[in-house]
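1. can't give you the sequence, but here's the structure:
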């Protein structure tokens, strides 16, 4: 059984479908990554994707396609992508087991690379 880098909530999949349908240009999915930013050190990136980027990891789930930048893979292993709305804001959220901290304003997070040895051992027992 192949390991998925990340998974999607129903709300995230629905929002990605809406983005694809509402786009003025053809969009095949979204591309998730991380960048150095903010007071905690890293921020998630999310962009529309018109065509696959060679080397990206591909997550096809719930009828939508999410591509993960190679440099983000180790930071996103095991993450659940969700979409939440409130009276004050709306946006994608990431429940990431590799998060070690975050800034007070919510703009950036501290991430550590996934422990591949522990992951391999866990998969061996499945």
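-> Cool, got the structure. Only a predicted model underlies this, so the values are computations on that prediction, with no experimental measurement involved. Numbers count the residues shown, from 1 in each chain.
2. helices and strands around the lengthiest helix in the chain, which ones?
-> The helix that spans the most residues within the chain, counting by DSSP state H, is helix 10-22. If you count contacts as 3 or more CB pairs under 8 Å, 6 or more residues apart in numbering; DSSP states H and E, helix 10-22 packs onto strand 29-37, strand 64-68, strand 79-85. C-beta coordinates here come from the backbone N, C-alpha and C atoms, glycine included.
3. Each with direction, which strands does the last one pair with?
-> Right, the one you point to is strand 79-85. Paired strands of strand 79-85, with direction, are strand 6-8 (parallel), strand 90-95 (antiparallel) (DSSP bridges).
4. I'd like these laid out as a markdown table, including mean pLDDT and mean neighbour count.
-> Conversion of the strands paired with strand 79-85 to a markdown table gives the following (pLDDT from 0 to 100; neighbours: other CB atoms under 10 Å):
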| stretch | mean pLDDT | mean neighbour count |
| --- | --- | --- |
| strand 6-8 | 93 | 21 |
| strand 90-95 | 88 | 15 |
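5. closest to residue 24 out of those?
-> Residue 24 lies closest to strand 90-95 among the strands paired with strand 79-85, at 20.4 Å (CB to CB).
6. residues making contact with the closest one?
-> The contact list for strand 90-95 (CB atoms under 8 Å, 6 or more residues apart in numbering) reads 12, 15, 44, 46, 76, 79-84.
7. Give the buried subset of these as a ChimeraX selection command.
-> Selection of buried members from these for ChimeraX, criterion 16 or more other CB atoms under 10 Å:
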select :12,15,44,46,76,79,81,82,83
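8. hang on, the earlier thing: among the helices and strands packed on helix 10-22, which is the most enclosed?
-> When the helices and strands packed on helix 10-22 are scored by mean count of other CB atoms under 10 Å, the highest mean neighbour count falls to strand 64-68 (a mean of 21).
9. so how far is the helix or strand following that one off the chain centroid?
-> With elements assigned by DSSP states H and E, the helix or strand that comes after strand 64-68 is helix 73-76. Averaging C-alpha positions (CA atoms, centre = their mean, to the nearest Å) puts helix 73-76 9 Å from its chain's average.
10. Pass me the low-pLDDT residue ranges in the chain, would you?
-> 1-3, 38-40, 100-126 (pLDDT under 70).
11. All set, thanks.
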